[in-house]
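Visitor: My questions are about this predicted structure, shown below with the sequence.
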Amino acid sequence: MTDLPPATRLLPDAPATCYDVVVLAYDERLVRRKRLVTVHDEGFMVDLPEVTNLDLFWGFELADGRAVQVVAAEEPVLTITGPDLARYAWHIGNRHTPCAVERDRLVIRADHVLDAMLRQLGATVVAGHEPFTPELGAYGVGRPMGHDHGHDHGHDHGHDHHKPHVHHNHPHHDHDKEPQADPL
């Protein structure tokens, strides 16, 4: 493995030429300071002033002027279709789960709990592998902070994700209540 010069800036658009590509999963595309490795096994250092969502950029320009593109890696995902996409999207969002919203389908990272919930709601859920590029959120810069129902990361939020609960920072946020219409 050889090292390339460090990244000097983020590129919002594709330059005339591309030297190499780095393929990163969804979680890996949120970086501040990290050594990345291209598909041709060449490493380079990224040192950004703040945590940055690379989904907002084409890639990097290195100190010697070469460009390296960032490409979303294929990941295990669930594709959700069915007669009531808006309702399925509400339940996914209610669990703070990153979701790609398309005209005829929703895409989330594979999660057995959400799979079962969506099937119970009448959705058609198909497991697959594809690049995962969810919505960026209302402000366009951050990432949704999700509850991970698939595996334990060694931390506890102090509540059971399978029972209704209220978040202290969202007092009107109950995981198992449907949204109510405003009274006239």
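Guide: Everything's here; your move.
Visitor: shaky segments in the chain?
Guide: For the chain, applying pLDDT under 70 flags the ranges 1-2, 137-184.
Visitor: biggest strand in it, by residue count?
Guide: strand 42-53 (DSSP state E).
Visitor: Strand partners (parallel or antiparallel) of that one?
Guide: Note on strand 42-53: by DSSP bridges, its sheet partners are strand 2-3 (parallel), strand 30-37 (antiparallel).
Visitor: Most tightly packed of these?
Guide: Compared across the strands paired with strand 42-53, strand 30-37 shows the largest average neighbour count, a mean of 14 (mean count of other C-beta atoms under 10 Å). Where you see a C-beta, it was placed from the backbone N, CA and C, and this is true even at glycine.
Visitor: Can you give the contact residues for that strand?
Guide: 1, 22, 24, 43-48, 50-54, 68, 143 (C-beta atoms under 8 Å, 6 or more residues apart in numbering).
Visitor: Give me the distance between the two termini of stretch 112-130.
Guide: 17 Å (C-alpha to C-alpha, to the nearest Å).
Visitor: repeat for stretch 101-121
Guide: End-to-end for stretch 101-121, by C-alpha to C-alpha: 18 Å.
Visitor: What of stretch 109-127?
Guide: One end of stretch 109-127 to the other measures 9 Å (C-alpha to C-alpha).
Visitor: for it, which positions count as buried?
Guide: Arg109, Ala110, Asp111, Leu114, Asp115, Met117, Leu118, Ala123, Val125 (16 or more other C-beta atoms under 10 Å).
Visitor: quick one: contacts of it?
Guide: 26, 75-84, 87-88, 91-92, 95, 97-98, 108, 132, 148-150, 161-162.
Visitor: can you tell me which of those are in strands?
Guide: If you go by DSSP E, these have Glu75, Pro76, Val77, Leu78, Thr79, Ile80, Thr81, Ile108 in strands.
Visitor: and the fourth one, how far is that from Met117?
Guide: This points to Leu78. Using C-beta to C-beta, to the nearest Å, Leu78 is found at 11 Å from Met117.
Visitor: which residues are common contacts for these two?
Guide: Between them, Leu78 and Met117 share no contacting residue, judged by C-beta under 8 Å, 6+ apart.
Visitor: how much space between the closest residue to Ala110 other than its chain neighbours and Gly128?
Guide: Spatial nearest neighbour of Ala110, excluding adjacent residues (C-beta to C-beta, 6 or more residues apart in numbering): Pro76 at 3.8 Å. Pro76 sits 8 Å away from Gly128, going by C-beta to C-beta.
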